[in-house]
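Novice: quick one, fold the following:
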Amino acid sequence: MYLPKNLTMTPNSAVRSFISQYNFGALITSDLRTTQLPFMVEEPKDGRLVLTAHMAKANSQWKQFESSADSKVNASVLFAGPHAYISPTWYQSRPAVSTWNYASVQCFGSVTLLDEAATLDAVYKLTQQFEPSLERGAKAIEALMPEEYVNKLIKAVVGFEMVVETVEAKEKLGQHKSNVDQASVFNALTKSESLDAQALAAYMVTRNTGTG
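Specialist: Residues are numbered from 1 along each chain as shown. Below you'll find the model as predicted:
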């Protein structure tokens, strides 16, 4: 998945799909601090991707964004997809060496903090992404998350969004190997007892890559 880096043009739909599926990303800031968070990804009318997330105020990483409110603060978010060890014994051709196959997407862009209302909206949207039956305002979500309770909790978190400017997307799925070797590796991954290997094989099928 080698995709164009200039997202001011039309972003590749594969990137958005990947992030939506593997949305637990690692936020990396210039001080090399990292926080793993669930992200939402949207595509506004200007064609650029926007990532939205929130973190606890107790995590001081967000203060980098607050201290530079008058200028853009750059950061990156790394989304790791399925990955697995590849044994050299799985190849039909020789010589062969062991390797690791994987898929990942790393987004780079500018980050701004959200106000309390926007943070609350982002929290509800993230909840609905995983609990589609719990529509905002519905009795079910009101019972689970009363307004007074939510308003108290929201003061303990900070929301932010990243406007994505560049993307580095990679798929190392053995696509450079011969069809025979691809099929042999794919077969081994499918039959493996490792859940990581099985997940990688399933991903290869969805991408129609590296299966021979």
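Novice: low-confidence stretches in the chain?
Specialist: Within the chain, the segments meeting pLDDT under 70 span 1-12, 45, 67-71, 134-142.
Novice: residue ranges for the helices of it, please.
Specialist: For the chain, the helices defined by DSSP state H occupy 13-21, 63-67, 116-130, 139-144, 147-154, 179-191, 195-207.
Novice: please identify which of the ones you listed is closest to residue 79.
Specialist: Among the helices of the chain, helix 13-21 comes nearest to residue 79, with 5.5 Å by C-beta to C-beta. Just so you know, the C-beta spots here come from the backbone N, C-alpha and C atoms, and that holds for glycine as well.
Novice: buried residues in that closest one?
Specialist: 15-16, 18-19 (16 or more other C-beta atoms under 10 Å).
Novice: residue 51 is nearest to which of the helices of the chain?
Specialist: helix 13-21 (7.4 Å).
Novice: please name every helix or strand in contact with that closest one.
Specialist: strand 40-42, strand 73-86, strand 99-113, strand 157-172 (3 or more C-beta pairs under 8 Å, 6 or more residues apart in numbering; DSSP states H and E).
Novice: next, the angle helix 13-21 makes with the longest one.
Specialist: Angle between the axes of strand 157-172 and helix 13-21 is 130 degrees (criterion: axes from the mean of the first three to the mean of the last three C-alpha atoms, to 10 degrees).
Novice: now do the buried residues in strand 157-172.
Specialist: Buried residues in strand 157-172, defined by neighbour count with 16+ other C-beta under 10 Å: 157-165, 167, 169, 171-172.
Novice: dump the residues you listed to CSV, plus distance to residue 178.
Specialist: Formatted as CSV, these follow (distance: C-beta to C-beta, whole Å):
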residue, distance to residue 178
157, 51
158, 51
159, 49
160, 46
161, 44
162, 40
163, 42
164, 36
165, 38
167, 30
169, 24
171, 18
172, 16
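Novice: distance to residue 47 for the helices of the chain - can I get that in TSV?
Specialist: Below are the helices of the chain laid out as TSV (distance: least, C-beta to C-beta, whole Å):
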stretch	distance to residue 47
helix 13-21	11
helix 63-67	24
helix 116-130	21
helix 139-144	32
helix 147-154	31
helix 179-191	34
helix 195-207	23
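Novice: which one, of the ones you listed, ends up nearest to residue 34?
Specialist: Using C-beta to C-beta, the helices of the chain put helix 63-67 closest to residue 34, at 12.5 Å.
Novice: who's in contact with that closest one?
Specialist: Outside helix 63-67, the residues that touch it by C-beta atoms under 8 Å, 6 or more residues apart in numbering are 29-31, 73, 75, 111-113, 160.
Novice: of all the residues you listed, which two lie farthest apart?
Specialist: Using C-beta to C-beta, the contacts of helix 63-67 reach their maximum pairwise distance at 31 and 112, which is 17.7 Å.
Novice: more neighbours: which of these two?
Specialist: Per other C-beta atoms under 10 Å, whichever of residue 31 and residue 112 has more neighbours is residue 112, with 15 against 8.
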